[in-house]
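> next comes the sequence, and after it the predicted model I'd like to discuss.
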Amino acid sequence: QVQLVESGGGLVQPGGSLRLSCTASRSIFRKSAMGWYRQAPEKQRELVATISSDGSANYADSVKARFTISRDNAKNTVYLQMNSLKPEDTAVYYCNAQGPIPSTLFNYWGQGTQVTVSS
């Protein structure tokens, strides 16, 4: 069974930082483009950032220059470093694995981790 295990969410004040982590099974991770998505209450799930197996990253315009996605292939883990957090970043953040690269024959999701930005 494929598992994506997320951690690192929580409550932070505006302007603060958090780092999310997502660890996947090795057999999936090395074949996947990894990503982070988020869903705020009463809104659709949206892309935050993705990173391919070679480290190429893409970001939503709303998080560019504030968030950084990275992956550690030795640890089968993808990270999302979130800086200068804003209240509008409040959402459940989901880890995603798509592959095998370059296809999207599989598409796996983590259970989600809550990020709340509030004073």
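Done, it's in.
> how about the nearest residue to Arg30, chain neighbours excluded?
Closest residue to Arg30 apart from its sequence neighbours, by C-beta to C-beta, 6 or more residues apart in numbering: Asn73 at 6.7 Å. (Glycine included, C-beta is placed from N, CA and C.)
> now Ala57: how far from Arg71?
Plainly put, Ala57 is 9 Å away from Arg71 if you go by C-beta to C-beta, to the nearest Å.
> these two: which has the busier surroundings?
It is Arg71, of Ala57 and Arg71, that has more neighbours when counted by other C-beta atoms under 10 Å, with 22 against 15.
> can you give me the pLDDT of the residue lying closest to Gly112 once chain neighbours are set aside?
Counting by C-beta to C-beta, 6+ apart, Val92 is the residue found nearest to Gly112 once chain neighbours are left out, at 4.3 Å. Residue-level confidence at Val92 comes out at 98, pLDDT.
> likewise Gln1?
Gln1 is assigned a pLDDT of 67 by the prediction.
> helices of the chain, residue ranges please.
Remark: helices of the chain, listed N- to C-terminal, are 26-29; assignment by DSSP state H.
> center of it - which residue?
Against the mean C-alpha coordinate of the chain, by C-alpha atoms, centre = their mean, the closest residue is Trp36 at 2.5 Å.
> coming back round to it: the residue nearest to Gly112 is in contact with Arg38, isn't it?
Yes - in terms of C-beta atoms under 8 Å, Val92 counts as a neighbour of Arg38; the distance is 6.6 Å.
> those two - which one has more neighbours?
Between Val92 and Arg38, counted using other C-beta under 10 Å, the more crowded position is Arg38 (23 against 18).
> kind regards, and thank you for your time.
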